[in-house]
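fold the stuff below for me.
(one chain, ligands or ions: 2)
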Amino acid sequence: MIGASSTNEIKIEGKTYKTDEWMNTPSTILAAISRRLHLQPDHPIALTRKLIESRFPEFKTHNELFPVVSVKQNFDSLGFPADHVGRSRTDTYYLNKETVLRTHTSAHQADTFRAKESAGYLISADVYRRDAIDRSHYPVFHQMEGARTWDQDAGAEAGKPLEQVIWDDVAKIPKHDIDVEDPNPVHHPERNPLQPGHSPAEVEAMAAHLKRSLEDVVVAIFDAARKATDPSSSTPPEPLKMRWVEAYFPFTSPSWELEVFWQGDWLEVLGCGIVQQSILTNADVTTRKGWAFGIGLERIAMLLYSIPDIRLFWSTDSRFLSQFSSTTPMQRFVPFSKYPACIKDVSFWLRSSSSAAGGNSSPLSPTGGFHENDVMEIAREICGDVVEDVRLVDEFTHPKTGRKSLCYRTNYRSLERTLTNEETNELHEKFRQQLVSKLGVELR
Ligand code: FA5
Ligand code: MG
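Numbering: from 1, shown residues only. Ligands and ions are numbered 1, 2, ... in the order given. This is a model prediction of the structure:
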């Protein structure tokens, strides 16, 4: 149950939150909280979660953590610098200055480490972000966090160096024969440094354990996808190609991302790294070191079932839901007929910087700055799931006035039916008008 009242309070599933000028969460987003796709027994997100969980049998699982968290949990506890873009209202849904919808499952790292329940844990949950609109990005999606730590005295107790204890654990991970691209050194002094107190040998062992565990997940997903019956008996799934790339997260070092080749392009499926020791210390876990990862469940489910568009996960159409079951053998997804696309452009002038600096501020961008995520949010607000993607197709600056013009191309297409002309025209007109009223742009 969601309710807003004039007293600047909002009620979400029985909990009351004060709202203030930081509030930027639309009711369409709040409505997603009750869906809990990762807990619906026959939903592909839940089935994907269970398949991944089965690769980590000794890990403790947490699947019911509430999505409203503090800025402290989501950012401060993880060492995000005060000026990190992730904290901005253009990227994150706030209820008030101190309270957000979690942007990632890492928001629960500190608390889960502090509970000291097990050497390994998994957290699956819905997460919320203002982001791009396309086939693999959605403002609400699901992540699974995983972490595994070792006591730094474990080696001494076993009469061998700690790295050897970790390598012994690496040997327990199922082997695969896929050639994985990994051109990066395990650590790099500037780009991907070791932490003080971490020896190169320990980090190499932890990195191997982390990477082998995650490769095992992707291989298991592809094996399941290959075995899945294909009722339409179309082309077989693509051969598996994966690569590791260096990454940066404030809460791990060194850090990496894993990408999988999918439908002609590299798709990022997860981020991971060696946990910053300060997080463990702040969580009162002073004698352990280890790794953490955060995986996008939709991205993995798309690989597993050949689901072509991330919006489908939110569909309540039985032509989608009836294709997934926990009791029958896995089937690849058979797309129902593809309905026609309707492409429309909108071009506009940004407010010139002089007027932006004046009092002419918009509700979404009180500082007068323009952010593409605001365009995305307006499109989602008006069109819901009828918008397939929105992309910048042209950009230029007037040589005399210095004003900047942008052109966005919107692809309107329902997954469930053919849209009428009147309907798309009406949506597009609303979209244009809200760009003006909310962002203060001038249509061309
Ligand atoms: C994170 O969220 C980090 N918390 C991951 C992490 C955890 C790193 C623990 C280190 C240690 P990132 O923003 O890259 O990282 O998101 C992780 C994954 O979520 C991505 O690889 C992708 O699979 C998925 N993802 C991100 N944005 C979206 C989106 N808008 N829609 C669907 N999936 C997304
Ligand atoms: Mg990423």
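
beta partners of the residue in the stretch 201-350 of the chain that ligand 1 sits nearest to?
Here the stretch 201-350 of the chain gets closest to ligand 1 at one residue, Gly296, 2.2 Å apart by Cβ to the nearest ligand atom. (Glycine included, C-beta is placed from N, CA and C.) Note on Gly296: beta-bridge partners by DSSP bridges are Gln143.

run a quick neighbour tally on it.
For Gly296, the tally of surrounding residues (other Cβ atoms under 10 Å) stands at 22.

that one contacts Glu145, doesn't it?
No - applying Cβ atoms under 8 Å as the test, Gly296 and Glu145 come out as separate, 11.3 Å apart.

low pLDDT regions in this structure?
Scanning the chain for pLDDT under 70 picks out 1-7, 230-237, 353-368.

report the central residue of it.
Gly296 (5.4 Å; Cα atoms, centre = their mean).

mind listing what that one touches?
Going by Cβ atoms under 8 Å, 6 or more residues apart in numbering, Gly296 touches Phe141, His142, Gln143, Glu268, Val269, Leu270.

do the helix or strand containing the last one and ligand 1 meet?
This points to Leu270. Taking DSSP states H and E as the criterion, Leu270 maps to strand 265-275. Yes - shown here: strand 265-275 in contact with ligand 1 (Cβ under 6 Å from any ligand atom) through Glu268, Val269, Leu270, Gly271, Cys272, Gly273.

dump the residue contacts of the first one.
Okay, so that is Glu268. So Glu268 contacts Glu257, Leu258, Glu259, Gly296, Arg299 (Cβ under 8 Å, 6+ apart).

any idea how far it is from Gly146?
Distance of Glu268 to Gly146, computed by Cβ to Cβ, to the nearest Å: 16 Å.

just the last one next, same as before
Distance from Gly273 to Gly146, counting by Cβ to Cβ: 12 Å.

who in the stretch 251-400 of the chain is up against ligand 1?
Residues of the stretch 251-400 of the chain lying near ligand 1 (Cβ under 6 Å from any ligand atom): 252, 268-273, 292-294, 296, 298-299.

try it again at 8 Å.
Applying Cβ under 8 Å from any ligand atom, we find that the stretch 251-400 of the chain lies next to ligand 1 at 251-252, 255, 257-258, 267-273, 275, 291-296, 298-300, 310.

ok, the stretch 1-150 of the chain next?
Applying Cβ under 8 Å from any ligand atom, we find that the stretch 1-150 of the chain lies next to ligand 1 at 103-106, 109, 127, 129, 131-132, 136-139, 141, 143, 145-147.

now the buried members of those.
By neighbour count, with 16 or more other Cβ atoms under 10 Å, those hold 103-106, 109, 127, 129, 131-132, 136-139, 141, 143, 145-147 as buried.

about what we covered before: list the contacts of the next helix or strand after the strand holding Leu270.
Once strand 265-275 ends, the next helix or strand along the chain (criterion: DSSP H and E) is helix 277-282. Under the criterion Cβ under 8 Å, 6+ apart, residues 77-79, 109-110, 113, 149, 195-198, 251, 286, 288-290 lie in contact with helix 277-282.

what segments of the stretch 101-250 of the chain are strands?
Using DSSP state E, counting those that start in this stretch, the strands found in the stretch 101-250 of the chain span residues 120-128, 140-151, 242-249.

if I take the longest one and strand 120-128, what angle do their directions form?
The directions of strand 140-151 and strand 120-128 differ by 160 degrees, with axes from the mean of the first three to the mean of the last three Cα atoms, to 10 degrees as the criterion.

show me which residues of stretch 311-329 are buried.
Within stretch 311-329, the residues scored as buried using 16+ other Cβ under 10 Å are Arg311, Leu312, Phe313, Phe320, Gln323, Phe324.

touching stretch 36-45 from outside, list them.
Against stretch 36-45 from outside (Cβ under 8 Å, 6+ apart): 46, 49, 63-64, 124-126, 142, 297-298, 301, 304-305, 307, 313-314, 321, 324-326, 333.

and for stretch 18-26?
Applying Cβ under 8 Å, 6+ apart, the contact partners of stretch 18-26 are 4, 8-10, 89, 93-97, 101, 128, 364, 366, 377, 381.

who does the strand holding Leu270 pair up with?
Strand 265-275 has the following sheet partners, assigned by DSSP bridges: strand 252-262 (antiparallel), strand 288-296 (antiparallel).

which of the ones you listed is buried the deepest?
For these, the largest average neighbour count (mean count of other Cβ atoms under 10 Å) is found in strand 288-296, namely a mean of 23.

wait, His62 sits on Gly120?
No - counting by Cβ under 8 Å, His62 does not reach Gly120; the two are 11.8 Å apart.

am I right that Leu303 sits in a helix?
Yes - remark: Leu303 belongs to a helix, assigned using DSSP: H, G, I helix; E, B strand; the rest coil.

give the contact list for it.
Contacts of Leu303 by Cβ under 8 Å, 6+ apart are Val218, Ile221, Phe222, Ala225, Val260, Trp262, Leu267, Val269.

cool, and Pro174?
Applying Cβ under 8 Å, 6+ apart, we find Pro174 in contact with Asp216.

ok, now Thr112?
Here Thr112 is in contact with His62, Tyr121, Ile123, Ala147 (Cβ under 8 Å, 6+ apart).

could you redo the last one with a cut-off of 7 Å?
Thr112 makes contact with His62, Tyr121, Ile123, according to Cβ atoms under 7 Å, 6 or more residues apart in numbering.

measure Ala46 to Pro139 for me?
Ala46 is 20 Å from Pro139, by Cβ to Cβ.

wait, Leu101 sits on Val71?
No - applying Cβ atoms under 7 Å, one finds Leu101 not in contact with Val71, separated by 11.4 Å.
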